[in-house]
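Undergrad: Any chance you could fold what I've pasted below:
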Amino acid sequence: EALQREAALQESQAQLALALSAARLTADALRTSQAQLAGITGSAMDAIVSIAEDGRVLFYNQAAETMFGVPAAEALGSPHERFLPQRYHATHAEQVRQFGQSGITARSMRSPGLLKALRASGEEFPVEATISHFLNGGQRVFTVILRDITQRVRSDEERASLLRSEQAARQDAQAAQLHLRQAIELLAAALDVPAMLDVAVQGALRALADGASVEVAEDPGPDQGHRRVRWHAAGGGDARMAQQVSRLRERDPWSDPSDERMQVLRSGQPRLLADVADPQLPALPVDRVAVL
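TA: The predicted model follows:
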């Protein structure tokens, strides 16, 4: 009986030794697996965040630290809503709960517009995200993988802006060609200089102006003091503008050397009055400023 007990004890010790050896192998394998997982998630360019059913952060990789500007020591155990804009809080928790009960283990997270996340600085930025879940000891764990797409969105917006600018430029060019063709046809039909000036004014109103005026000075004679405007045409986009434009030529440019039209006529150079209130511009008569 003693020999049998001794044999049974030796067998139990052998089985215990095998069990301990297997446990050590399992622990070594687990540590290796954890090290490999840490290496993979640590080098991942996308943020990886795992959360418990109550919303606490359980896992938070290095890319998440960089993306959100929050160190892992601060993020772990905190509510994950801190990484979401306030307007998402009400619906996000319910969407995650429904996803956990849907029977689907992984899916892409979408929204009607761009999905936004929140940095520690308060800056919102666009992201792409996928979510998955699994049971761990009877508790459901959700894992979200996020990618910052700020640069992609910016590039898309720049391309869209360039496309809109190109389309607008093409439309402007087509409109300009149309105006030019119409002006040529009208000028060809005009019988005298006043009719041609009216065509020029109407062309300017259609193409680039709210009001326009054209003045043609007579050829200079021996006495420059008697030089005058021989032909004139004016118009506006509406009756009030047309009246204001006509008032601008009530003053004869040759009666006032400071008149801006006189300066243009003398120099032969175009002149832009970008802002009649600009103190750098020569002083204009008060009545003309009021009209302008």
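
Undergrad: C-alpha from now on. contacts and neighbour counts both.
TA: OK.

Undergrad: pLDDT value on the nearest residue to A200 once chain neighbours are set aside, please?
TA: Nearest non-adjacent residue to A200, counting by CA to CA, 6 or more residues apart in numbering: A183, 7.3 Å away. Each residue has a pLDDT score; the one for A183 is 73.

Undergrad: just the one 3 residues further on next, same as before
TA: At L186, the predicted lDDT confidence score is 73.

Undergrad: same question, G77
TA: 91.

Undergrad: name the element it belongs to?
TA: Assigned by DSSP states H and E, G77 belongs to no helix or strand.

Undergrad: Now for it, how many residues are close by?
TA: 15 (other CA atoms under 10 Å).

Undergrad: Over to the one 5 residues further on?
TA: In terms of burial, R82 registers 15 neighbours under the definition other CA under 10 Å.

Undergrad: Check the gap between it and G69 for me.
TA: 12 Å (CA to CA, to the nearest Å).

Undergrad: and A176, what does it touch?
TA: Counting by CA atoms under 8 Å, 6 or more residues apart in numbering, A176 touches A207.

Undergrad: how near is it to R206?
TA: In terms of CA to CA, A176 sits 10 Å off from R206.

Undergrad: V264 too?
TA: Where R206 is concerned, V264 sits at a distance of 24 Å (CA to CA).

Undergrad: Those two: which is more packed in?
TA: Set side by side, V264 and R206 show more neighbours around R206, with 15 against 12, by other CA under 10 Å.

Undergrad: tell me the strands in this protein, going along the chain?
TA: 47-52, 57-60, 106-109, 115-118, 124-136, 139-148, 211-217, 229-236 (DSSP state E).

Undergrad: now the most centrally placed residue in the chain: how far from P270?
TA: Computing the C-alpha centroid of the chain and ranking residues by CA atoms, centre = their mean puts E157 first, at 5.6 Å. For E157, the distance to P270 equals 38 Å [CA to CA].

Undergrad: And for R230?
TA: R230 is 20 Å from P270, by CA to CA.

Undergrad: per-residue confidence for A283?
TA: Looking at A283, its pLDDT is 64.

Undergrad: I misspoke; the intended subject was A239.
TA: At A239, the pLDDT value in this model is 87.

Undergrad: what's near enough to touch it?
TA: With CA under 8 Å, 6+ apart, A239 has no contacts at all.

Undergrad: Equivalent analysis for A47, please.
TA: 60-65, 67, 145-147.

Undergrad: Go again with 7 Å.
TA: 61, 63-64, 67, 145-147 (CA atoms under 7 Å, 6 or more residues apart in numbering).

Undergrad: do A129 as well
TA: Applying CA under 7 Å, 6+ apart, the residues near A129 are 108-109, 144-147.
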